[in-house]
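>>> have a look at this prediction, sequence included:
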Amino acid sequence: MNLHAVKAIYQFEMHRWFRTIVQSLAAPVITTSLYFIVFGAAIGRRMPEIDGVSYGAFIVPGLIMLSILTESISNGSFGIYMPKFAGTIYELLSAPVSTLEVVLGYVGAAATKSVVLGLVIMATARLFVDYSIAHPFVMLAFLVLTSVTFSLFGFLSGIWADGWEKLSIIPILVITPLTFLGGSFYSIDMLPEFWRNVALLNPVVYLVSGFRWAFYGVSDVGVGVSLTATLGFLALCLAAVNWIFRTGWRLKT
């Protein structure tokens, strides 16, 4: 493996992120803080506990996951779309760099940004609500695994997109609604049986549930099921990336 190529791509993407730190980091943190103020501090005081956890603390994992999913996809898609837009993708394709090295560079940088964002939001949440982390290593594992998985999914979205408007379709019109309906602000056990079964078809439910279990030891589905679902989606994304680089689909358009 050419580690110099991986390092070059990774450092370039991180330097680009630092140049837009206000938009990339401050904006999501401010937006999430508003959620904590409205739903945690204001409404949360009037809400009953859920599974023995105060409402303000209960929504912390869901809000972190909401930011991580959208930002991971955005960072992953923008990183690979820019070379396509600028025409420098041909230099990358003709360079002695393997598919694995390209993915490690772009996805590694996008995942790093998401992990940093998640930790910053976690620290910011302390200013508004008290919460605990029952399983810190599991929490960190879910944070990293989710960031990597959806950064890779964003990487695929960037390859698929053939215009700037398509870069925002999946994060805004798909992932954000799924996250809001995936138990970020409530437990799906609170839903009627029919809608609870429908909610189980939402893949984000498993991510939020597993992440919340790491905090409080409570979840809507088993943590093993959540982990398996995340790993399965990661495997699908890896298979898709491998096929794209073998066939050249969308890379040369």
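Ah, there it is. Numbering: from 1, shown residues only.
>>> would you map the helices across the stretch 151-253 of the chain?
Taking DSSP state H, counting those that start in this stretch, the helices of the stretch 151-253 of the chain run over residues 164-167, 176-180, 193-199, 203-216, 223-247.
>>> Glu13 is nearest to which of the ones you listed?
Taking C-beta to C-beta, helix 164-167 is the member of the helices of the stretch 151-253 of the chain nearest to Glu13, at 15.6 Å. No exception for glycine: its C-beta is placed from N, CA and C like everyone else's.
>>> spatially nearest residue to Leu227 (excluding sequence neighbours)?
Of all residues not flanking Leu227 in the chain, Gly210 sits nearest, at 6.1 Å (C-beta to C-beta, 6 or more residues apart in numbering).
>>> how about that neighbour, what does it touch?
142, 219, 221, 223, 226-227, 230 (C-beta atoms under 8 Å, 6 or more residues apart in numbering).
>>> and the closest residue to Val218 other than its chain neighbours, how far is that from Trp213?
For Val218, the nearest residue in space outside its immediate sequence neighbours is Asp51; the separation is 4.2 Å by C-beta to C-beta, 6+ apart. Between Asp51 and Trp213 the distance is 11 Å, computed by C-beta to C-beta, to the nearest Å.
>>> among the two, which residue is more densely surrounded?
Taking neighbours as other C-beta atoms under 10 Å, Asp51 and Trp213 compare with Trp213 leading, 23 against 13.
>>> let me see the contact set for the more buried one.
135, 138, 219, 223, 226.
>>> could you tell me how far it is located from Leu207?
In this structure, Trp213 lies at 11 Å from Leu207, with C-beta to C-beta as the measure.
>>> residues shared between the contacts of the two?
Common neighbours of Trp213 and Leu207 (criterion: C-beta under 8 Å, 6+ apart): Ser226.
>>> mind exporting the least confident helix or strand in the chain by mean pLDDT as CSV, just the C-alpha atoms?
Within the chain, no helix or strand scores below helix 89-94, which has a mean of 72 by mean pLDDT, DSSP states H and E. These are the backbone C-alpha positions of helix 89-94, laid out as CSV (Å, rounded to 0.1, in the frame of the first residue of the first chain):
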residue,chain,number,x,y,z
ILE,A,89,-10.3,12.9,-11.4
TYR,A,90,-8.4,11.8,-14.5
GLU,A,91,-5.1,12.5,-12.8
LEU,A,92,-6.3,10.4,-9.8
LEU,A,93,-7.4,7.5,-12.1
SER,A,94,-4.2,7.5,-14.1
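>>> does the residue nearest to Val218 touch Phe215 like I think?
No: at 11.2 Å, Asp51 and Phe215 do not qualify as touching, with contact defined as C-beta atoms under 8 Å.
>>> measure Ala235 to Leu191 for me?
When distances are taken as C-beta to C-beta, Ala235 and Leu191 turn out to be 30 Å apart.
>>> comparing the two, which residue is more hemmed in?
Neighbours were counted for Ala235 and for Leu191 using other C-beta under 10 Å; Leu191 has more, 15 against 11.
>>> do you know the pLDDT at the closest residue to that one other than its chain neighbours?
Nearest residue to Leu191 in three dimensions, chain neighbours excluded: Ala199, at 6.2 Å (C-beta to C-beta, 6+ apart). In this prediction, Ala199 carries a pLDDT score of 88.
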